[in-house]
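Colleague: Next come a sequence and a model predicted from it.
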Amino acid sequence: MALDFHKTYAQIEAAVRDAHATQDDRRARLRETLARLEQAGLGAVINAKFEASKGRYGYLPAGVAEELSARYPAPAAPESFAVAATDGSHIAVDRHLAFRAYLINIGGCLLTYGALPGAYLFSQPTVYTRDEDLYYTDPDSSADQTPVEGAVMGFKRAVEELRALADLVRRAPDGMPVLALLDGSLILWGLAGQQYKPFLREVVLERGLVPALDALREETTRRPLAVASYVSLPGSTEVVNALRLALCPYDVSDCRAHCGALRPSTRPCDTVHGFQDRRLFEALLAPGERSALFFTRSSVVRDHYGPHQVFFYYLNTGVEVGRVETPEWVARDKALLDLSHALALDQCRRGLGYPPAIAESHEQAVVTAADREQFRLLVEEALWGQRLPVYTSEKDRSKRMRWL
């Protein structure tokens with residue numbers, strides 16, 4: 001039976017009416033929040049209160065590297081520069097096939113501007129079939145394995161994108177400033193918590209992601225290189241969570257003890273309830289400006305990223321407010337930080353709101369539904385060629401047949 005859109009729309013319409021009715025309250029709370037954000041010394045207060053409240057504060061706040069209200073105009077871009085970007089897609093293991101294999105396709109582009117204009121595009125598919133590729137294995141216990149599927153596949157793909165990005169940067173003309181861009185967050189948020197065993201974080205991060213970032217950092221000895229990721233329409237609330245600390249009336253922000261029994265909208269910090277970070281910076285930043293620097297307090301980054309702790313800022317591109325994340329060695333170097341600001345903004349302006357280098361990398365990496373079916377046929381053809389059995393599950397067979 002098809003979805004009843006008449007009933008669905010009636011519910012959507014009611015929800016939109018409710019949202020519209022609260023607009024005046026949201027505007028008033030936003031004005032109050034922005035006024036608090038402008039207070040001098042607020043960053044130091046927030047950081048101190050977080051340290052005093054460790055283990056008791058119920059939100060993940062951003063670390064504040066400077067005054068929250070700081071705003072920076074766009075620096076001038078170099079006359080000649082390059083932008084490198086990579087992206088990835090994959091075909092997961094199909095359990096209905098007789099042969100276990102997956103594919104990761106990394107696409108990328110190197111765009112050069114100024115004295116040496118040009119474009120280099122590539123797409124590199126890699127098929128993984130060996131046991132050491134199909135599973136992440138605990139170095140201390142070969143019996144402890146995690147299959148490379150679902151979110152874990154995403155972790156592996158992220159590492160491969162970074163490795164490819166380091167290779168791509170080396171193709172840029174000698175001495176030319178480069179912005180190395182990734183789509184989405186540098187933070188592998190999915191590895192937080194207790195969902196995965198500790199060895200997986202060690203293998204993926206300390207033996208995969210960190211060496212890839214090390215290779216990128218090494219390139220800064222040969223050229224100005226800013227590594228950054230761009231998050232379009234970010235849904236983050238880390239800065240908002242930091243402001244909650246400032247609004248908390250208690251010396252130690254123990255959310256469970258002080259406010260655990262209170263309903264949302266009645267807690268002292270609920271002036272910022274329902275806001276995302278970008279909403280604050282849409283009101284604060286003029287086109288081209290970036291915000292103050294913040295750093296993530298994610299346990300994954302803190303415990304496993306080593307010298308590549310993740311800092312971030314918000315950037316008003318003139319079309320949207322995006323989030324730009326950089327490793328600490330970029331954030332702490334004013335020249336590289338300015339380069340990331342100038343060239344990320346330049347890319348968004350050239351791409352009518354979104355970096356064309358990332359968009360082109362995605363086009364090179366994308367795997368279509370037709371590609372997936374062709375991959376399946378190639379696997380079956382190779383099995384036939386070696387006179388190996390080709391079979392599928394009855395469930396898969398039923399999906400491929402027409403029934404009355």
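Modeller: Good, I have the coordinates.

Colleague: Buried residues, stretch 167-176. List them.
Modeller: Using 16 or more other Cβ atoms under 10 Å as the test for burial, stretch 167-176 gives 167-169, 172-173, 176. (Glycine included, C-beta is placed from N, CA and C.)

Colleague: repeat for stretch 308-322
Modeller: Buried residues in stretch 308-322, counted by 16+ other Cβ under 10 Å: 308-317, 321-322.

Colleague: Output the helix or strand hosting residue 283 as PDB, restricted to C-alpha atoms.
Modeller: Per DSSP states H and E: residue 283 is located in helix 277-284. The C-alpha coordinates for helix 277-284 follow below in PDB (Å, rounded to 0.1, in the frame of the first residue of the first chain):
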ATOM      1  CA  ASP A 277      25.900  27.000  16.100                       C
ATOM      2  CA  ARG A 278      25.400  28.200  12.600                       C
ATOM      3  CA  ARG A 279      22.300  30.100  13.700                       C
ATOM      4  CA  LEU A 280      24.400  32.200  16.100                       C
ATOM      5  CA  PHE A 281      27.000  32.900  13.500                       C
ATOM      6  CA  GLU A 282      24.500  33.800  10.800                       C
ATOM      7  CA  ALA A 283      23.500  36.700  13.000                       C
ATOM      8  CA  LEU A 284      27.100  37.600  14.000                       C
END
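
Colleague: tell me the mean pLDDT over it?
Modeller: Mean per-residue pLDDT for helix 277-284: 95.

Colleague: cool, and stretch 148-162?
Modeller: Per-residue pLDDT over stretch 148-162 has a mean of 96.

Colleague: can you list the residues that contact that stretch?
Modeller: Contact with stretch 148-162 is made by 86-90, 92-93, 102, 104, 106, 126, 128, 133-136, 146, 182, 188, 190-191, 196, 200, 204, 208-209, 212-213, 216, as judged by Cβ atoms under 8 Å, 6 or more residues apart in numbering.

Colleague: next one: it to chain centre, how far?
Modeller: How far stretch 148-162 lies from its chain's middle: 13 Å, per Cα atoms, centre = their mean, to the nearest Å.

Colleague: Let me have the buried residues of stretch 167-176 in JSON lines, extended by pLDDT.
Modeller: Converted to JSON lines, these look like this (pLDDT from 0 to 100):
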{"residue": "167", "pLDDT": "97"}
{"residue": "168", "pLDDT": "98"}
{"residue": "169", "pLDDT": "98"}
{"residue": "172", "pLDDT": "96"}
{"residue": "173", "pLDDT": "95"}
{"residue": "176", "pLDDT": "96"}
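
Colleague: Out of those, which sit inside strands?
Modeller: Residues from the buried residues of stretch 167-176 lying in strands, with DSSP state E as the criterion: none.

Colleague: Including distance to residue 283, could the residues you listed go into CSV?
Modeller: Shown next, in CSV, are the buried residues of stretch 167-176 (distance: Cβ to Cβ, whole Å):
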residue, distance to residue 283
167, 41
168, 37
169, 36
172, 38
173, 41
176, 37
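
Colleague: ok, back up a step: check which helices and strands the helix holding residue 283 sits against.
Modeller: Helix 277-284 is packed against helix 23-37, helix 238-247, strand 310-316, strand 321-327, with contacts defined by 3 or more Cβ pairs under 8 Å, 6 or more residues apart in numbering; DSSP states H and E.

Colleague: following the last one, which helix or strand comes up?
Modeller: Taking DSSP H and E as the definition, the helix or strand that follows strand 321-327 towards the C-terminus is helix 328-331.

Colleague: what does the longest one give?
Modeller: For helix 23-37, the following helix or strand on the C-terminal side (DSSP H and E) is helix 42-52.

Colleague: What pairs with the following helix or strand past that following helix, parallel or antiparallel?
Modeller: Using DSSP H and E, the next helix or strand after helix 42-52 towards the C-terminus is strand 63-64. Counting by DSSP bridges, the strands paired with strand 63-64 are strand 294-295 (antiparallel).

Colleague: Contacts only, for the residue positioned nearest the centre of the chain.
Modeller: Centroid-nearest residue in the chain: residue 185, 1.5 Å away (criterion: Cα atoms, centre = their mean). Residues in contact with residue 185 (Cβ under 8 Å, 6+ apart) are 229, 231, 325.

Colleague: and what of residue 63?
Modeller: 47, 50, 242, 294-297.

Colleague: now those in TSV, with distance to residue 38, neighbour count and pLDDT?
Modeller: Output for the contacts of residue 63, formatted as TSV (distance: Cβ to Cβ, whole Å; neighbours: other Cβ atoms under 10 Å; pLDDT from 0 to 100):
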residue	distance to residue 38	neighbour count	pLDDT
47	18	17	93
50	20	20	93
242	14	27	95
294	16	27	97
295	21	19	97
296	23	24	97
297	23	17	96
